[in-house]
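J.: Prediction below, plus the sequence it came from.
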Amino acid sequence: MDIRQLRYFVTVAQEGNFTRAAERLHIAQPPLSRQIQQIEERVGATLIDRSAKPLRLTPIGHLVYDQAISILARMADMDAMIAKAVVSQQRRFAIGFVASTIYSRLPAIIRAYREAMPSVDLSLIQGGTLSQIAALKDGRIDVGFGRIRFEDDAVARVVLREEPLIVALPATDPLTAGGGVSLASLATDPLILYPNAPRPSYADQVVGHFRDLGVTPVIAHEVSELQIAIGLVAAGEGVCIVPASVRRLRVDGVRYRPLVEPVASPIIMSFRKDDRSPELVAMAAVIRERYGAWDYPIPDAILRMTGGGEEA
């Protein structure tokens, strides 16, 4: 007897009817009847009293039924254990990211990583830079992409590049008619900042750029997300300083202009200092390959991680 035949026999015994059993098993009744007959021939005894309504098991039928139930349960347990073992052996890699990096090159890097490491179970978790630090130390993520410089003995960070900042203006703002806009010329414009928490954050970087010029910005709104900030710009509530890649976010009523000052926001990759996993090295290799294709300078730390530079 094979497992399929045992499953057929148990279903007939539980239903007490060949027709209902066949429907439950999604097969025709005649093949089901033949399978039960084959079992009886192999056993050498009748297992089902077909004259009874509903069908009843014979004494030998009860014995076979009890053993079949036990065998099927053990098979189910084995299937579950094997599935669990397969999952436990599958390599996993969790990426943390801040929202603004989605508008830069991160999606292309993630696609390239999936192609390079198809056997890795990849997960994405949005979160601020500070929350990424905690997640790295707790093992909830394996690499983070953020914008805030920080120091932590357990976390290594690599500045991948400095992304220029631009200004998002309401379409009706007179400054949209010109070319570059100076931060100083925005001193009296209502400023929309994001994110409002946790701090320090990208919002503090923006305020710092104004203060470096001796300018105190007029903060009109502090919101939680980039998309909300851009929506408020579209509503004419103020201006917003954003990374240059955000210009890909097309919103009616919003115009983007470059800034005269060479101000930028870093894109920083963070990971555990003791991590030398193949998955992390593969991420560094993908970044190296993609940055080369985009003519971006490749950070020395990425070269070292991928065997293309001096040892640290």
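T.: Everything's here; your move. Numbers count the residues shown, from 1 in each chain.

J.: List the residues that contact F210.
T.: Contact analysis of F210 by Cβ atoms under 8 Å, 6 or more residues apart in numbering lists L183, A187, T216, P217. The way it works is simple: take the backbone N, C-alpha and C, and place the C-beta from them, glycine included.

J.: OK, contacts around the residue nearest the centre of the chain?
T.: Geometric centre of the chain, nearest residue: L124, 2.0 Å, by Cα atoms, centre = their mean. With contact set as Cβ under 8 Å, 6+ apart, L124 has these partners: A94, I95, F97, I110.

J.: quick one: it and L249, what's the gap?
T.: 19 Å (Cβ to Cβ, to the nearest Å).

J.: Can you show me the strands along this protein?
T.: 48-49, 56-57, 92-97, 121-126, 143-146, 155-170, 190-193, 218-222, 240-243, 254-258, 264-272 (DSSP state E).

J.: The fourth one: partners in the sheet, and parallel or antiparallel?
T.: If I follow you right, that is strand 121-126. Strand pairing for strand 121-126, using DSSP bridges, gives strand 92-97 (parallel).

J.: Can you check what angle separates the partner strand from strand 264-272?
T.: Following axes from the mean of the first three to the mean of the last three Cα atoms, to 10 degrees, one obtains 150 degrees for the angle between strand 92-97 and strand 264-272.

J.: just to revisit the earlier point, now rank the contacts of L124 by neighbours and give me the top one.
T.: The most crowded member of the contacts of L124, judged by other Cβ atoms under 10 Å, is F97 (23 neighbours).

J.: Name the nearest residue to that residue, ignoring sequence neighbours.
T.: Take F97 and drop its neighbours on the chain: the residue closest to it by Cβ to Cβ, 6 or more residues apart in numbering is F145, 4.6 Å away.

J.: residues in contact with the one you found?
T.: So F145 contacts I95, G96, F97, V98, T101, L106, I267, I268, M269, S270 (Cβ under 8 Å, 6+ apart).

J.: same deal with F9?
T.: Q35, I36, I39, L47, V64, Y65, A68.

J.: Tell me which residues touch Y296, please.
T.: Each residue near Y296 by Cβ under 8 Å, 6+ apart is listed here: R161.

J.: gap between it and V254?
T.: 27 Å.

J.: swap in I133?
T.: 32 Å.

J.: before we move on, what about D152?
T.: Counting by Cβ to Cβ, the gap from D152 to V254 is 36 Å.

J.: With adjacent residues omitted, what lies nearest to I241?
T.: Excluding its sequence neighbours, the residue lying closest to I241 (Cβ to Cβ, 6+ apart) is V206, at 4.6 Å.

J.: for G127, same thing?
T.: Nearest non-adjacent residue to G127 (Cβ to Cβ, 6+ apart): G96, at 5.2 Å.

J.: I figured the one you found was touching V143, is that so?
T.: Yes. With contact defined as Cβ atoms under 8 Å, G96 reaches V143; the gap is 7.1 Å.

J.: Just want to know which of those two has more residues nearby.
T.: More neighbours surround G96 than the other of G96 and V143, with 25 against 22 (other Cβ under 10 Å).

J.: tell me the pLDDT at that one?
T.: pLDDT for G96: 95.

J.: So what pairs up with it in the strands?
T.: For G96, the beta-bridge partners under DSSP bridges are I125, G144.

J.: Contacts only, for it.
T.: Contacts for G96 were tallied using Cβ under 8 Å, 6+ apart; they are I125, Q126, G127, S131, Q132, A135, L136, I141, V143, G144, F145, G146.

J.: Just give me the closest of the residues you listed to R7.
T.: Nearest to R7 among the contacts of G96, counting by Cβ to Cβ, is I125 at 41.4 Å.

J.: Tell me where the stretch 1-150 of the chain has helices.
T.: Secondary structure of the stretch 1-150 of the chain by DSSP state H, counting those that start in this stretch: the helices cover 3-15, 18-25, 29-43, 59-89, 106-116, 129-138.

J.: got the CA positions of the third one in PDB?
T.: Okay, so that is helix 29-43. What follows is helix 29-43, C-alpha atoms only, in PDB (Å, rounded to 0.1, in the frame of the first residue of the first chain):
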ATOM      1  CA  GLN A  29     -15.900   7.200  -7.700                       C
ATOM      2  CA  PRO A  30     -15.000   4.200  -9.900                       C
ATOM      3  CA  PRO A  31     -11.200   4.700  -9.500                       C
ATOM      4  CA  LEU A  32     -11.600   5.200  -5.800                       C
ATOM      5  CA  SER A  33     -13.600   1.900  -5.500                       C
ATOM      6  CA  ARG A  34     -10.800   0.100  -7.400                       C
ATOM      7  CA  GLN A  35      -8.100   1.500  -5.100                       C
ATOM      8  CA  ILE A  36     -10.000   0.300  -2.000                       C
ATOM      9  CA  GLN A  37     -10.400  -3.200  -3.700                       C
ATOM     10  CA  GLN A  38      -6.600  -3.300  -4.300                       C
ATOM     11  CA  ILE A  39      -6.000  -2.600  -0.600                       C
ATOM     12  CA  GLU A  40      -8.400  -5.400   0.400                       C
ATOM     13  CA  GLU A  41      -6.700  -7.800  -2.100                       C
ATOM     14  CA  ARG A  42      -3.300  -6.900  -0.600                       C
ATOM     15  CA  VAL A  43      -4.500  -7.400   2.900                       C
END
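
J.: That'll do, ta.
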